[in-house]
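K.L.:
Fold the stuff below for me.
(chains A and B)
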Amino acid sequence: NAGVTQTPKFQVLKTGQSMTLQCAQDMNHNSMYWYRQDPGMGLRLIYYSASEGTTDKGEVPNGYNVSRLNKREFSLRLESAAPSQTSVYFCASSEMEGYTQYFGPGTRLTVL
Amino acid sequence: SQQGEEDPQALSIQEGENATMNCSYKTSINNLQWYRQNSGRGLVHLILIRSNEREKHSGRLRVTLDTSKKSSSLLITASRAADTASYFCATVGDTGRRALTFGSGTRLQVQP
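P.N.:
Prediction:
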């Protein structure tokens, strides 16, 4: 039982490049989330998926897109990376919206 | 914008002492959750307290909630060096989106 897994762990991009961050959970959770964490700050919600087939914008969605591929997987895409997107990205899941969330180990992204 | 604000931002204590962290929030909530984050890691859920609860315990952790003051506190008793981490409160609103909104965290250092 791996919980929430994220790939890659580290990534360096040049401005304008694109990439997809992958997230998978094996807890049969309905809801999944993407957050970013900037140095010395709390997490800010980028997008979330309350259930399979639905996605909604969070607090900071600009520059990102998401896909809820199936119940297990929720990916985050940066179409044209910018230095302001340098951050640590966390994926999380919960049984239902508003319940306890379980977090992945994070992806450290640097955009040059 | 962040819903919760933790106080203090940083706290340094000796092993064996108690640590108290406070969280204030702005809007009505369904529940409030506390998470711990060790350096460079994902967040780990500690405790969830619902809006109709006033106090909750889990091992050496005690959480209180005062909805009239829109505030919560986390008490760690008999702290250990292993408790060194950042602690975040997160709220779930009672209307609309049920995603977590995080505060900026308290960095706790427990000196051995």
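K.L.:
any idea which helix or strand carries the most centrally placed residue in chain A?
P.N.:
Centroid-nearest residue in chain A, with Cα atoms, centre = their mean: A:Trp34, separated by 3.0 Å. Per DSSP states H and E, A:Trp34 falls inside strand A:31-37.
K.L.:
Residues in contact with that strand: which ones?
P.N.:
Applying Cβ atoms under 8 Å, 6 or more residues apart in numbering or on different chains, the contact partners of strand A:31-37 are A:21, A:23, A:25, A:43-51, A:58, A:60, A:64, A:66, A:68, A:74, A:76, A:85, A:87-97, A:99, A:101, A:106, B:99-100, B:102. From N, CA and C alone the C-beta is placed, and that goes for glycine too.
K.L.:
Name the residues that touch the very next helix or strand once past that strand?
P.N.:
Next in sequence after strand A:31-37, counting helices and strands by DSSP H and E, comes strand A:43-49. Here strand A:43-49 makes contact (Cβ under 8 Å, 6+ apart) with A:31-38, A:55-61, A:64-66, A:68, A:74, A:76, A:89-90, B:2, B:43, B:88, B:90, B:99-102.
K.L.:
The very next helix or strand once past strand A:43-49: how far from the chain's middle?
P.N.:
Going down the chain from strand A:43-49, the next helix or strand is strand A:56-57, by DSSP H and E. How far strand A:56-57 lies from its chain's middle: 12 Å, per Cα atoms, centre = their mean, to the nearest Å.
K.L.:
one step back: neighbouring strands of the strand holding A:Trp34 in the sheet, and parallel or not?
P.N.:
strand A:43-49 (antiparallel), strand A:87-94 (antiparallel) (DSSP bridges).
K.L.:
Restricted to buried residues, select the contacts of strand A:31-37 in ChimeraX.
P.N.:
In ChimeraX, this line selects whichever of those come out buried by 16 or more other Cβ atoms under 10 Å in any protein chain shown:
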select /A:21,23,25,43,44,45,46,47,48,49,50,58,60,64,66,68,74,76,85,87,88,89,90,91,92,93,94,97,99,101,106 /B:99,100,102
